[in-house]
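Enquirer: Give me the fold of what follows.
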Amino acid sequence: MSAKKTILILCDWFLPGFLAGGPIQSIATLTKQLDKELDFKIITTDRDFKSNRAYGQVPINSWTLFEGRHVFYVSPENMNPAFILALINTTPHDTLYLNSLFSKLFTIYPLKWKQQGRLRSSIVLAPRGMLRDGALAVKPLKKQLFLMYAKLTGLFKQLHWQSTSAQETAEIKKRIGAHTQVSQVSNLPAVADEITFTTKAEGALRLCFIARIVDIKNLLVAIEVLKEIKDVKIVFDVYGPKEDEAYYRLCEQHASTLPANVSFAYQSVLKPEAIASTLNQYHALFLPTQTENFGHIIVETLTNGRPVIISDQTPWHGLEEANAGFDIGLNNKVKFIEAIHILASTDQQVFNKKCMDSAAYITKQLNLEDIKQQYIILFNA
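Expert: Next up, the predicted model:
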């Protein structure tokens, strides 16, 4: 085994996939920014979220290099306990890093194997926000029964939990137990290029919504807010996979009643490498999400020097005081309307200052070198 620790990552989706959103970016950024300090190997599936087609551009069922990372893409016929257990046990590693709470083959089975003594490595589990009330409300009975079973059988005893915020730490201790071993280590932010400023005239605002189109991201709430915007010209462009087609059709129906001063358009699904250049075309991100464990798009927007209008259900608070946007309670529609009018009224000079302050805010919140050291400590525990 090499002098560096080897971390074997199990995750349902990875690059070149992108439709699963934040979890893919969490692992992509971690493995890119810590590759000099730690060796990473990744076991994942051979296709994107909800896709019935393999990627095509990557070898399957063998170790390969993808953008400098060692990855094993498993085909559907090999997604079975025997194959995954043998693959884990024949891959030298120090720590097994699990990135879901309810993944059958990439979390639940490995925890059982650890309990049975069939896996010897230490385990770190990042639940990726799956213990939040909103996440547990999806298929709640099945999830609650699993959590009861896991606690009764001691399935969670031989592992180390990773949270990415104080809120998630509290959620883990509430759901799993007050004495659960939890290390709070934030996701690593993507590194942005130099901030670029787009033209900003008073009385006009270009807003973007970048997220999976599902009810939890609250596109419909954003549209309802925009219905109340008067006297200023708004462009509102939507990016993201239409994960819930019925929900998107409902949003589209409501968008058809927006006032003439507000334009609405669905644009596309963005690949990760296109996000920064897309953000540079807008003045702010408008994402009144119901809940975010980290919110990669929020962080990337701020990092690229754009303010955000978001709910208060994310880790990012104090935005207005920092001149970096607004974090607003979801029941405070008036405040959302006011925030949009404030941003629309800014001139170029005021807007440029907000851009600089947005980047300064997230840089202060997420110290890259500190977070790297925390990960090294986590994986050496």
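Enquirer: For the stretch 201-350 of the chain, just list every one of the strands.
Expert: 204-210, 233-239, 262-268, 284-287, 308-311, 325-328 (DSSP state E, counting those that start in this stretch).
Enquirer: any idea which of those is most buried?
Expert: Counting by mean count of other Cβ atoms under 10 Å, strand 284-287 has the highest mean neighbour count of those, with a mean of 26. In short, each C-beta sits where N, CA and C put it, glycine included.
Enquirer: Tell me the gap between that one and the middle of its chain.
Expert: Chain-centre distance of strand 284-287: 16 Å, with Cα atoms, centre = their mean, to the nearest Å.
Enquirer: Which elements pack onto it?
Expert: Here strand 284-287 touches strand 204-210, helix 296-303, strand 308-311, going by 3 or more Cβ pairs under 8 Å, 6 or more residues apart in numbering; DSSP states H and E.
Enquirer: Centre of the chain to the longest one, how far?
Expert: If I follow you right, that is helix 296-303. Computed by Cα atoms, centre = their mean, the chain-centroid distance of helix 296-303 equals 10 Å.
Enquirer: Which residues does it contact?
Expert: Residues outside helix 296-303 that contact it (Cβ atoms under 8 Å, 6 or more residues apart in numbering) are 21-22, 25-26, 187, 189-192, 210-211, 275-276, 279, 284-285, 287, 292, 307-308, 310, 314, 316, 324-325, 358-359, 361-363, 366.
Enquirer: do you know how far the closest residue to Asp133 other than its chain neighbours is from Leu136?
Expert: Of all residues not flanking Asp133 in the chain, Thr291 sits nearest, at 7.7 Å (Cβ to Cβ, 6 or more residues apart in numbering). Using Cβ to Cβ, to the nearest Å, Thr291 is found at 11 Å from Leu136.
Enquirer: cool, Val225 as well?
Expert: From Val225 across to Leu136, the span is 27 Å (Cβ to Cβ).
Enquirer: In terms of neighbours, single out the busier of these two.
Expert: Using other Cβ atoms under 10 Å as the criterion, Val225 and Leu136 rank with Val225 on top: 22 against 17.
Enquirer: Quick check: chain neighbours aside, which residue is closest to that one?
Expert: Closest to Val225 by Cβ to Cβ, 6+ apart is Phe336, at 4.5 Å.
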